[in-house]
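Student: Next one to model:
(chains A and B)
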Amino acid sequence: AQSVTQLDSQVPVFEEAPVELRCNYSSSVSVYLFWYVQYPNQGLQLLLKYLSGSTLVKGINGFEAEFNKSQTSFHLRKPSVHISDTAEYFCAVRLYGFGNEKLTFGTGTRLTIIP
Amino acid sequence: GAVVSQHPSWVICKSGTSVKIECRSLDFQATTMFWYRQFPKQSLMLMATSNEGSKATYEQGVEKDKFLINHASLTLSTLTVTSAHPEDSSFYICSARGAPGLQNIQYFGAGTRLSVL
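Tutor: Reported below is the predicted structural model:
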């Protein structure tokens, strides 16, 4: 079975500083990878996804992530954060191919932007 | 992107009553819908997966008779919490996966906060 590890439960960052949120996964087969953001009392919004092709994927709100197969990682980055980026971020993995429906989520990283 | 509408956003009910939560895909046909439960400051726990016109597949440990899921059409799924008790209080989130082109993406509703008194 696949699993997702988000090592940092909380990350405080000063406004306009860069940030990296770490995500590692474990799977014996190929996977699709996702980052979602959750604002307080809201559902999840897709930030970006890796399905195939280029390992560097760009998403909304200036975020990007790089798929590293050898390190089984999919870290999320932003070069300059804003107050509005304060939220919970979830990394998720889904097994490759049809019939594999389930998303497995990490435990989330709470990003707090300090003015 | 695709839109998933979830209603109500917040519901308070008395212990022993039943509560229905609706999840609609507004601009695409959702072949598969998912229901998650999220406890405060925790990740999402998948409760069940449903395909249109079929019975839902529940995850281990989720009571089928407590959490009734109906996926009657390609745009609507409902979750009914039957005889709700305070321990059922939680944040429930639905998700929908659509047709080819959207096939690999799950889109999420805004969630329903259930408080059982």
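Student: what's the closest non-adjacent residue to residue 64?
Tutor: Since no chain was named, I'll use chain A. Among residues not flanking residue A:64 along the chain, residue A:58 sits closest, at 4.7 Å (Cβ to Cβ, 6 or more residues apart in numbering or on different chains). From N, CA and C alone the C-beta is placed, and that goes for glycine too.
Student: To clarify, I was referring to chain B.
Tutor: Leaving aside its chain neighbours, residue B:64 sits nearest to residue B:58 (5.3 Å; criterion: Cβ to Cβ, 6+ apart).
Student: Would you mind writing the CA trace of stretch B:85-101 as CSV?
Tutor: Once non-C-alpha atoms are left out, stretch B:85-101 reads as follows in CSV (Å, rounded to 0.1, in the frame of the first residue of the first chain):
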residue,chain,number,x,y,z
HIS,B,85,-24.5,11.2,18.1
PRO,B,86,-22.0,13.7,19.5
GLU,B,87,-19.1,11.5,18.4
ASP,B,88,-20.3,11.9,14.8
SER,B,89,-19.5,15.6,15.0
SER,B,90,-16.9,16.3,12.4
PHE,B,91,-16.0,18.0,9.1
TYR,B,92,-17.3,16.0,6.2
ILE,B,93,-15.9,16.7,2.7
CYS,B,94,-17.1,15.2,-0.6
SER,B,95,-15.0,14.9,-3.7
ALA,B,96,-15.8,14.1,-7.3
ARG,B,97,-13.8,12.6,-10.1
GLY,B,98,-15.1,13.1,-13.6
ALA,B,99,-14.9,12.0,-17.2
PRO,B,100,-11.8,11.6,-19.5
GLY,B,101,-9.8,14.8,-19.4
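Student: That stretch and chain A, any residue contact?
Tutor: Yes - against chain A, stretch B:85-101 shows contacts by Cβ under 8 Å from any Cβ of the partner chain at B:91, B:93, B:95, B:97.
Student: which residues touch residue A:110?
Tutor: Contacts for residue A:110 (Cβ atoms under 8 Å, 6 or more residues apart in numbering or on different chains) come out as A:9-11, A:87-89, B:41.
Student: Swap in 6 Å and give it another go.
Tutor: Going by Cβ atoms under 6 Å, 6 or more residues apart in numbering or on different chains, residue A:110 touches A:10, A:88.
Student: Can you name the residues bridging to it?
Tutor: In this entry, residue A:110 is beta-bridged to residue A:10, residue A:88, by DSSP bridges.
Student: Alongside chain B, which residues does chain A contribute?
Tutor: A:32, A:42-44, A:51, A:101, A:103, A:105, A:107-108 (Cβ under 6 Å from any Cβ of the partner chain).
Student: so what's the most centrally placed residue in chain A up against?
Tutor: Geometric centre of chain A, nearest residue: residue A:35, 3.3 Å, by Cα atoms, centre = their mean. Remark: with contacts taken as Cβ under 6 Å, 6+ apart, residue A:35 is in contact with A:47-48, A:65, A:76, A:91.
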